[in-house]
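Enquirer: dropping the sequence and predicted coords here.
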Amino acid sequence: MHSSIGIGLRAPHYQVMLAERPDVGWLEVHSENYFEPHSRAFHVLSQLAEDYPISLHGVGMSLGSSDPLDGAHLAQLRALITAIKPARISEHLSWGSVDGRHFNDLLPMPYTQQALVQMSDKIKAVQDQLGRELLIENPSSYLQFEAGMPEWEFLAQLQQHSGCGLLLDLNNLYVSAFNHGFPCTEYLAAIDLDTVKEIHLAGFTDKSLEQGHLYIDTHSCPVVEPVWALYRDICVRRTIPTLIEWDLEIPALAVLIAEADKASEIAELAMARRQERHHV
């Protein structure tokens, strides 16, 4: 398998990962699940980090909220970074807290100039405190605020203002594009691929409602062909570390590895074609 392709580490696969050490390029975990240094989860991650690069993917920083940064949260993240020495650290283009109360979800933001300045400042503060680049992931969304700029413009400006990197979730992009009726090509044209340091691939659920269909980012099934097509187009231009995400109805580890093998084949074929063009 190509070293750029990874899978999400989930608790049902701990034992088989420890016992078999399968051929995958790297692992990603949700940071907050490993904050407790005496937990089994932390112990497992520490062992696997000896053999695999680790990417820490946060879900609780609420960077889009007007709440101040949570110092205790950042301290725990710093301790985890020190212990695990991750290859990458990421968070979401979203908010999830009000006055210190946290929602169990990643909520959509208004893409206004005020929100852009506020979130840029918070990202810069986090990067200063961690001494590391933070990657910001585009969300999947089911509603939009009327005011503000397009998400792709907000994300591009956020990167430029804060100096962060980007985590491009192609499944999220496809889901949001369907739900809101914009073309994926317009979104991708606004993103500088040199700033994209990680890609996510996952599956979604097509929910039939009275008003029509709604795509929901459930991470509960294989990657669909249109998302693979978006990935092929990107691989033709660059090789970027890529994750297979699967969070609900988690299958056997072999199913994730099969998806990762498919991503690896796409990446390797695209790399070979780039090399051929370079030598012509």
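Expert: Yes, it's here. Here the structure is a predicted model, which means the values were calculated and not measured. Numbering: from 1, shown residues only.

Enquirer: so residue 132 belongs to a strand, correct?
Expert: No. Counting by DSSP: H, G, I helix; E, B strand; the rest coil, residue 132 falls outside a strand, being coil.

Enquirer: so which strand or helix has the closest residue to it other than its chain neighbours?
Expert: Spatial nearest neighbour of residue 132, excluding adjacent residues (C-beta to C-beta, 6 or more residues apart in numbering): residue 89 at 5.5 Å. (C-beta placed from N, C-alpha, C; glycine too.) Per DSSP states H and E, residue 89 falls inside strand 88-92.

Enquirer: residue 92 and residue 27, how far apart?
Expert: According to C-beta to C-beta, to the nearest Å, residue 92 stands 19 Å off from residue 27.

Enquirer: ok, residue 90 next?
Expert: Separation of residue 90 from residue 27 (C-beta to C-beta) stands at 14 Å.

Enquirer: now for these two: what residues contact both?
Expert: residue 55 (C-beta atoms under 8 Å, 6 or more residues apart in numbering).

Enquirer: just checking the distance from the strand holding residue 89 to the centre of its chain.
Expert: How far strand 88-92 lies from its chain's middle: 7 Å, per C-alpha atoms, centre = their mean, to the nearest Å.

Enquirer: tell me the helices and strands packed up against it.
Expert: Here strand 88-92 touches strand 54-57, strand 135-137, strand 196-201, going by 3 or more C-beta pairs under 8 Å, 6 or more residues apart in numbering; DSSP states H and E.

Enquirer: 10 Å instead, please
Expert: Using 3 or more C-beta pairs under 10 Å, 6 or more residues apart in numbering; DSSP states H and E as the contact test, the elements touching strand 88-92 are strand 26-30, strand 54-57, helix 71-84, strand 101-107, helix 113-130, strand 135-137, strand 165-169, strand 196-201.

Enquirer: what's the burial count for residue 143?
Expert: Using other C-beta atoms under 10 Å, residue 143 is surrounded by 8 other residues.

Enquirer: per-residue confidence at it?
Expert: For residue 143, the pLDDT comes out at 81.

Enquirer: nearest spatial neighbour of it, chain-adjacent residues omitted?
Expert: In space, and not counting its chain neighbours, residue 143 is closest to residue 108: 6.4 Å by C-beta to C-beta, 6+ apart.

Enquirer: ok, the one you found - contacts?
Expert: 64, 93-95, 139-145, 151, 176 (C-beta atoms under 10 Å, 6 or more residues apart in numbering).

Enquirer: hmm, 7 Å instead?
Expert: Residues near residue 108 by C-beta atoms under 7 Å, 6 or more residues apart in numbering: 94, 139, 141, 143-144.

Enquirer: what about the longest helix seen in the chain, distance to the chain center?
Expert: In the chain, assigned by DSSP state H, the helix with the most residues is helix 253-279. Its chain's average C-alpha position is 19 Å from that of helix 253-279, according to C-alpha atoms, centre = their mean.

Enquirer: got it, and stretch 195-209?
Expert: How far stretch 195-209 lies from its chain's middle: 9 Å, per C-alpha atoms, centre = their mean.
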